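Undergrad: Got a predicted model here, sequence first, then my questions.
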Amino acid sequence: MEKNLIPRPPKRWVVSPRVPSDISAELRAHSPLLRQLLFNRGLEDAQSAEAYVSGQTYTATDPFMLKDMEAAVALLHEAIEGGFKIAIYGDYDVDGVTSSAVLFEFLKLLGNAPRVYIPNRFDEGYGLNLEAIRQLKEEGTDLIITVDCGVRSVEEVRLARDLGMQVIVSDHHEVGAELPPANAVLNPKQPGDPYPYKKLAGVGLAYKLVQAYLQTWPSSGIEADHWLELVALGTIADVAPLDGENRYLVKQGLRQMRATQRQGLYSLLQVAGSAPEKVEAGTIGYVIGPRLNAAGRLDSALAAFELLTSTDLFQAGSLAQQLDQQNADRKDMTQEIQTQALQAAMADPDALLIFSASPEFNEGVIGLAASRVTETMYRPSMIGNDDGKRVKASCRSIAEFHITHALDRCSDLLETHGGHSVAAGFTVKKENLAAFLERMNEIAAAELGHLDLKPVLVIDYEVALDKLRPEHIPGIFADVAALQPTGNSNPDALFCSRGLTVKRAHAVGDGQHLKLILQAGKHEYDAIAFRQGYWLERMPEKLDIAYTFETNTYQGRTTMQLKIEDIKASEN
């Protein structure tokens, strides 16, 4: 099976209805196209549209609306004033690393020298572990603050309390049946929490803790907004929804990042060939985030933490080069696992749930491979490392199947598990694996068996490319840019056009991708279709395409190109 010849499942296109005339009139301050894009995103009045475009928000964001925030601030202040030894316990992904960096730098400015503990993915796994808790106690730790983890670590937090340590749990993941017995739990998803926005990333919660502390105990020259670029970095890399408060935080953070004074971030952008002043959400999602994540996937996430907090030019440059090379290695590993997992999946094309595990699968990249498998097959997937005694797996799911809820229903068979609606992880002993898979398949059959599982593409606007004139292009790009930052829950503007003639087509990127020149009337358009090289051998004469507008710079020349998300043979 050639890796570039695995066709994606057919997608169902849904073209958004035209904006009604009364709402169009209400949004008259914007261009006709932008009115349509705003309407498609649920913005129907002038005030909310202006708040969206400007990046402001009318949602209350007082950090003390978070349950237990007063207790957390009081405890943190007592530790700082008393010179207590504080340990920051973070996760090994970008969200956890940026969360750790925010609190580390903040506490240093207040005169405390916190210990940062980021577990090793391979030796310790995700979240708190009992051995680490005992080690922190032996080091004299008085207060543990978890970031991006801990809300399901009931036994570990109980041990910390029994050993005489105080604990603040700060975590945005789904809560379990029992909350950990911490002194304070910061998680807007916990029962009874009145905070209106439930989708903050882990770094967003770390920022809110800093914000709340400074509201109570102001310190000259220290502002919580100083760390907004790290908030943006962690939020985007964790694929948190970019709506509501997240949109505001990320928009401000990206503005800060474009003029970054953070040496490590600047060095990483230089190594990746990205100009800081042109950073967008996509730069983080596809350039910066993968390189920072590569540290924890292949070795230790401490390298990413050290890079983000480094003030030394030479250290930052060396670490940036290291992460760039690890990212290249990560790509190769991901491709190998993805190919093997897809081969297993193709052997049972009717399966509603894909599972593949092997001793050869690197734990650090199984999540990425699962993402690719789910994208290719449009089925929930669980890809794991099998060490002979247990399987540690990463899961990726589809909109129709809440993977963490499904794992919750199998908790009696699992050692650990947790995550979000479409991304999770678990560890299962080998003797429980068959029963676990049987139950998960039963759950999948009950929830998915009656559905026509096809991914849906919501099209913002249908464009007649044969009538598009050069003078229209700047306006289109300006309207599309008004949607930034785009990502989860706030997608890029997606267009479709029909009946395009294929003038030329060839594969690029080891055959995985497709470059095209398409003709519409008298006009020709450059286009790129990533991971759709399989179309080359079955190319119809005329195409319908779903795409985004983007610029392409090659040898100093910048042109417009269509970035194709989906291809269909034209019916007419």
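TA: Received it, and whenever you're ready, just let me know what you need.

Undergrad: Would you mark the buried spots in stretch 508-523?
TA: By 16 or more other CB atoms under 10 Å, the buried positions in stretch 508-523 come out as Gln512, His513, Leu514, Lys515, Leu516, Leu518, Gln519, Ala520. Using the backbone N, CA and C atoms, a C-beta is placed for each residue, glycine as well.

Undergrad: Got the domain ranges for the chain?
TA: Annotated domains of the chain cover 12-17+456-569, 63-241, 258-340, 348-448 [automatic domain parsing].

Undergrad: Please produce JSON lines containing those domains, extended by mean pLDDT.
TA: Putting those into JSON lines (pLDDT from 0 to 100) gives the following:
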{"stretch": "domain 12-17+456-569", "mean pLDDT": "92"}
{"stretch": "domain 63-241", "mean pLDDT": "96"}
{"stretch": "domain 258-340", "mean pLDDT": "93"}
{"stretch": "domain 348-448", "mean pLDDT": "94"}
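
Undergrad: Can you say which of those is nearest to Gly55?
TA: Nearest to Gly55 among the domains of the chain is domain 12-17+456-569; the distance by CB to CB comes to 8.5 Å.

Undergrad: Show me the helices in the stretch 301-450 of the chain, by range?
TA: Assigned helices in the stretch 301-450 of the chain, in chain order: 302-309, 313-346, 366-377, 403-408, 430-448 (criterion: DSSP state H, counting those that start in this stretch).

Undergrad: doesn't Leu368 make contact with Thr374?
TA: No - counting by CB atoms under 8 Å, Thr374 does not reach Leu368; the two are 10.9 Å apart.

Undergrad: before we move on, back to that, format the helices of the stretch 301-450 of the chain as a markdown table; extra columns: distance to Gly125 and mean neighbour count.
TA: Output for the helices of the stretch 301-450 of the chain, formatted as a markdown table (distance: least, CB to CB, whole Å; neighbours: other CB atoms under 10 Å):
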| stretch | distance to Gly125 | mean neighbour count |
| --- | --- | --- |
| helix 302-309 | 16 | 24 |
| helix 313-346 | 18 | 18 |
| helix 366-377 | 13 | 23 |
| helix 403-408 | 15 | 21 |
| helix 430-448 | 16 | 15 |
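
Undergrad: what's the closest of these to Val154?
TA: Using CB to CB as the measure, helix 403-408 is the one of the helices of the stretch 301-450 of the chain that comes nearest Val154, at 14.3 Å.

Undergrad: outside of that closest one, which residues touch it?
TA: Contacts made with helix 403-408 from outside it, assessed by CB atoms under 8 Å, 6 or more residues apart in numbering, are listed as 174, 176-177, 380, 395-397, 414, 417-424, 426, 440, 443-444, 447.

Undergrad: Dump the helices of the stretch 301-450 of the chain into JSON lines; add distance to Asn129 as well.
TA: Compiled in JSON lines, those are given as follows (distance: least, CB to CB, whole Å):
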{"stretch": "helix 302-309", "distance to Asn129": "16"}
{"stretch": "helix 313-346", "distance to Asn129": "24"}
{"stretch": "helix 366-377", "distance to Asn129": "19"}
{"stretch": "helix 403-408", "distance to Asn129": "19"}
{"stretch": "helix 430-448", "distance to Asn129": "20"}
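
Undergrad: What subset of the contacts of helix 403-408 is buried?
TA: Applying 16+ other CB under 10 Å to these flags 174, 176, 380, 395-397, 414, 417-420, 422-424, 426, 440, 443-444, 447 as buried.

Undergrad: Indicate which one of the domains of the chain is closest to Val53.
TA: Counting by CB to CB, Val53 lies closest to domain 12-17+456-569 out of these; the figure is 5.2 Å.

Undergrad: State the distance from the residue lying closest to Gln532 once chain neighbours are set aside to Gly499.
TA: If the residues on either side of it in the chain are set aside, Gln532 comes closest to Leu514, at 5.1 Å by CB to CB, 6 or more residues apart in numbering. Leu514 sits 19 Å away from Gly499 when distances are taken as CB to CB, to the nearest Å.

Undergrad: Next, give phi and psi for Arg498.
TA: Summarising the backbone geometry of Arg498 under the convention degrees, to the nearest 10, its torsions are phi -130, psi 160.

Undergrad: ditto for the one 4 residues further on
TA: Dihedral angles of Val502 (phi, psi; degrees, to the nearest 10) stand at phi -80, psi 110.

Undergrad: Now the residue nearest to Gln532. Its backbone dihedrals?
TA: On the backbone of Leu514 - angles per degrees, to the nearest 10 - the values are phi -130, psi 130.

Undergrad: was I right about it contacting Arg504?
TA: No - Leu514 is beyond contact range of Arg504, at 10.9 Å (criterion: CB under 8 Å).

Undergrad: Contacts only, for the nearest residue to Gln36 once chain neighbours are set aside.
TA: In this structure, Gln36 finds its nearest non-sequential neighbour in Val19, 5.0 Å apart by CB to CB, 6+ apart. Listed by CB under 8 Å, 6+ apart, the contact set of Val19 reads Leu27, Arg35, Gln36, Phe39.

Undergrad: farthest-separated two in those residues?
TA: When the contacts of Val19 are compared pair by pair using CB to CB, the farthest-apart members prove to be Leu27 and Gln36, with a separation of 9.1 Å.

Undergrad: about what we covered before: now intersect the buried residues of stretch 508-523 with the strands, please.
TA: His513, Leu514, Lys515, Leu516, Leu518, Gln519, Ala520 (DSSP state E).

Undergrad: rewinding a little: and the domains of the chain as CSV, adding distance to Gln47?
TA: What follows is the domains of the chain, written out as CSV (distance: least, CB to CB, whole Å):
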stretch, distance to Gln47
domain 12-17+456-569, 16
domain 63-241, 17
domain 258-340, 24
domain 348-448, 30
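
Undergrad: Of all the ones you listed, which one comes closest to Tyr52?
TA: Across these, the minimum distance to Tyr52, taken as CB to CB, is reached by domain 12-17+456-569, at 8.5 Å.

Undergrad: Distance from the closest one to the middle of the chain?
TA: Averaged C-alpha coordinates place domain 12-17+456-569 at 24 Å from its chain's average position (CA atoms, centre = their mean, to the nearest Å).

Undergrad: Endpoints of that domain, how far apart?
TA: Counting by CA to CA, to the nearest Å, the length from the leading to the trailing residue of domain 12-17+456-569 is 13 Å.

Undergrad: Likewise for stretch 112-121?
TA: End to end - CA to CA - stretch 112-121 spans 28 Å.

Undergrad: Now the residue positioned nearest the centre of the chain. Nearest residue, chain neighbours left out?
TA: Averaging the C-alpha coordinates of the chain gives a centre point, and the residue nearest to it by CA atoms, centre = their mean is Val239 (2.0 Å). Of all residues not flanking Val239 in the chain, Asn488 sits nearest, at 5.0 Å (CB to CB, 6+ apart).

Undergrad: strands paired with the particular helix or strand that has Ile168 in it, and their directions?
TA: Here Ile168 is covered by strand 166-170, with elements defined by DSSP states H and E. When pairs are called by DSSP bridges, strand 166-170 turns out to pair with strand 143-147 (parallel), strand 184-186 (parallel).

Undergrad: Just the CA trace of that strand, in CSV.
TA: Once non-C-alpha atoms are left out, strand 166-170 reads as follows in CSV (Å, rounded to 0.1, in the frame of the first residue of the first chain):
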residue,chain,number,x,y,z
GLN,A,166,-0.3,21.6,50.0
VAL,A,167,-1.7,21.3,46.5
ILE,A,168,-3.3,23.6,43.9
VAL,A,169,-4.6,21.7,41.0
SER,A,170,-4.9,23.7,37.8
